[in-house]
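K.L.:
I'll drop the sequence and a predicted model, then ask my questions.
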Amino acid sequence: MKIRGEIWKQYGRCRGKNQSIFFPEHKGNSTERLAKKICEECPVRVLCYRYAMLNEEQGIWGGTNDQERAMHKAMIEMTGFTVPQYLQQVVPPPVEVELNFSVG
């Protein structure tokens, strides 16, 4: 299966779940842990993380919260790279991603 652009979102384990789980009021609480647990087995977790890093999203994306991603961003920038430069090397855009799993 080939996924282009943002079509990958339809394959997320979060799809169909109560979205408030992914926007917990407090970092580290049981709701955040539940959201991260859902992300652990998600086939598009890396693409989700990439999307959140590029768009500075709030909440749980790709198994990380916004504070964790801000820390990742700061560490990336300390290397002299911008986030887009770094992600282009480490997590290429979903132009031609092959996913091998069944939906259903």
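P.N.:
Perfect, I can see it now. Here the structure is a predicted model, which is why all the values come from computation and not from measurement.

K.L.:
Please make it C-alpha for all contacts and neighbour counts, starting now.
P.N.:
Will do.

K.L.:
Any stretches of the chain with poor pLDDT?
P.N.:
1-5, 92-104 (pLDDT under 70).

K.L.:
From A52, how far off is the residue sitting furthest away from the middle of it?
P.N.:
The outermost residue of the chain relative to its centre, with distances by CA atoms, centre = their mean, is G80 at 22.8 Å. If you measure G80 against A52 using CA to CA, to the nearest Å, the figure is 20 Å.

K.L.:
what does V91 give?
P.N.:
For V91, the distance to A52 - CA to CA - is 12 Å.

K.L.:
what about the longest helix in the protein?
P.N.:
Longest helix of the chain, by residue count under DSSP state H: helix 66-78.

K.L.:
Identify the residues contacting it?
P.N.:
Outside helix 66-78, the residues that touch it by CA atoms under 8 Å, 6 or more residues apart in numbering are 53, 56-60, 82-83, 86.

K.L.:
Make sure the residue farthest from the centre of the chain is indeed in a helix.
P.N.:
No: using DSSP: H, G, I helix; E, B strand; the rest coil, the secondary structure at G80 is coil, not a helix.

K.L.:
Can you name the residues that contact it?
P.N.:
Counted by CA under 8 Å, 6+ apart, G80 has zero contacts.

K.L.:
How much space separates it from Y86?
P.N.:
Separation of G80 from Y86 (CA to CA): 9 Å.

K.L.:
list residues touching both of these two?
P.N.:
Jointly contacting G80 and Y86 under the rule CA under 8 Å, 6+ apart is no residue at all.

K.L.:
Which helix or strand lies directly C-terminal to the helix or strand hosting I38?
P.N.:
Here I38 sits within helix 30-40, counting by DSSP states H and E. Next helix or strand after helix 30-40 toward the C-terminus (DSSP H and E): helix 45-55.

K.L.:
got the angle between that following helix and helix 66-78?
P.N.:
Helix 45-55 runs at 70 degrees relative to helix 66-78, counting by axes from the mean of the first three to the mean of the last three CA atoms, to 10 degrees.
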